[in-house]
Structure formats: structure tokens, C-alpha cells
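In: sequence and predicted model, in that order:
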Amino acid sequence: MLSEQQINEVRAFNRHYTQVLGVLNKRTFDTKLTWPEGRILLEIGINHLSTPMMVANRLQLDKSYASRTIKRLTDKGLIAKTPSPTDSRSVNIALTDKGQVVCDDINQKSNLLIEGLISDLSEEEQERYFKCIMTINQLLFK
């Protein structure tokens, strides 16, 4: 079991990494989107989530919160809703052309953020960083 000091170090890393990634910023990468809106847009665009329920489940969000956030994205013209052909109680969602442009922009800026974060590291250090991330993913998110 980790000691209290080790746990504090993990928590300090999490706080610092959250700050570096800009998770607590009011807007995502100079867009007019909040962080949750940007995250939902990315999930729909990258992972092709096609229903509000899929989004809520994937991001472990309250269904009502996910639904309200998706409505805001729909109102902004970034997501289109269509009735489900198989379930009259459900809707399908997809990015609009405008939504795809915003999704691509956020995705590119996310990549640039990570590239900037590791740009001062040597190739060997960058590979070590990557292997550490992969190890964390394998250990925690099996």
C-alpha cells in the first residue's frame, strides 16, 4: 500500500497535470466551449458515439447533465439530433460540419499541447514519458 507521502505525491502530480492540460480553464483552447462541452464534442467526433446515453456512459456523466450539455451543443449548431429509427424514445446525435471543424481544431490543439509539453525532452526522455503513460494506462485502465 502506498504511504501517505506517496499518495500526496500522486495527488500533487494530478493537480499539476490538470493545470497544465487546462482542465479547469473556463474555455477550451480559446473556443467558446466549456471543458465538458469540448470533451463531449471530441467523444462524438473521435469515438463516434451516436446517442446521448453512449456519451453519458463513456464519460460517466449524469444522464441529465449529458443531455443538457448536448442540447447546448445542438443550440450552438455543433451537433445535429435525429430521431432513432429503432427507438421512438431515443435520438441519434452526430457532429454537424461546423461541429467537425471545431472538433478537429480542439483535437489539433490538444496534440500541440502535448507536443509542447515534451518538446524540451530528448528523444529518449520522450520515449520514457510515453512508456510511463502506457504503463499507467495498462495498470489502471485494464
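Out: Arrived safely.

In: give me the mean pLDDT for stretch 134-142.
Out: Over the span of stretch 134-142, the pLDDT mean works out to 93.

In: correction: the previous question concerned stretch 81-97.
Out: 91.

In: buried ones in it, by neighbour count?
Out: 91, 92, 93, 95 (16 or more other Cβ atoms under 10 Å). Using the backbone N, CA and C atoms, a C-beta is placed for each residue, glycine as well.

In: torsion angles phi and psi at residue 27?
Out: Per-residue torsions, residue 27: phi -130, psi 150 (degrees, to the nearest 10).

In: contact partners for it?
Out: 33, 34 (Cβ atoms under 8 Å, 6 or more residues apart in numbering).

In: now the one 10 residues further on
Out: In this structure, residue 37 makes contact with 28, 69, 72, 73, judged by Cβ under 8 Å, 6+ apart.

In: what's the first helix or strand after the helix or strand where the third one lies?
Out: In the assignment (DSSP states H and E), residue 72 maps to helix 63-75. Tracing the chain C-terminally past helix 63-75 and defining elements by DSSP H and E, one meets strand 79-83 next.

In: and the longest helix seen in the chain, how far from the chain's centre?
Out: Scanning the chain for the helix with the most residues, using DSSP state H, yields helix 97-118. From the chain centre to the centre of helix 97-118 is a distance of 11 Å (Cα atoms, centre = their mean, to the nearest Å).

In: quick one: buried residues of it?
Out: Those would be 99, 102, 103, 106, 107, 110, for helix 97-118 by 16+ other Cβ under 10 Å.

In: skipping its backbone neighbours, what lies nearest the second one in space?
Out: In space, residue 102 comes closest to residue 78 once its chain neighbours are excluded; the distance is 5.9 Å by Cβ to Cβ, 6 or more residues apart in numbering.

In: from residue 141, how far out is the one you found?
Out: Distance, residue 78 to residue 141, by Cβ to Cβ, to the nearest Å: 28 Å.
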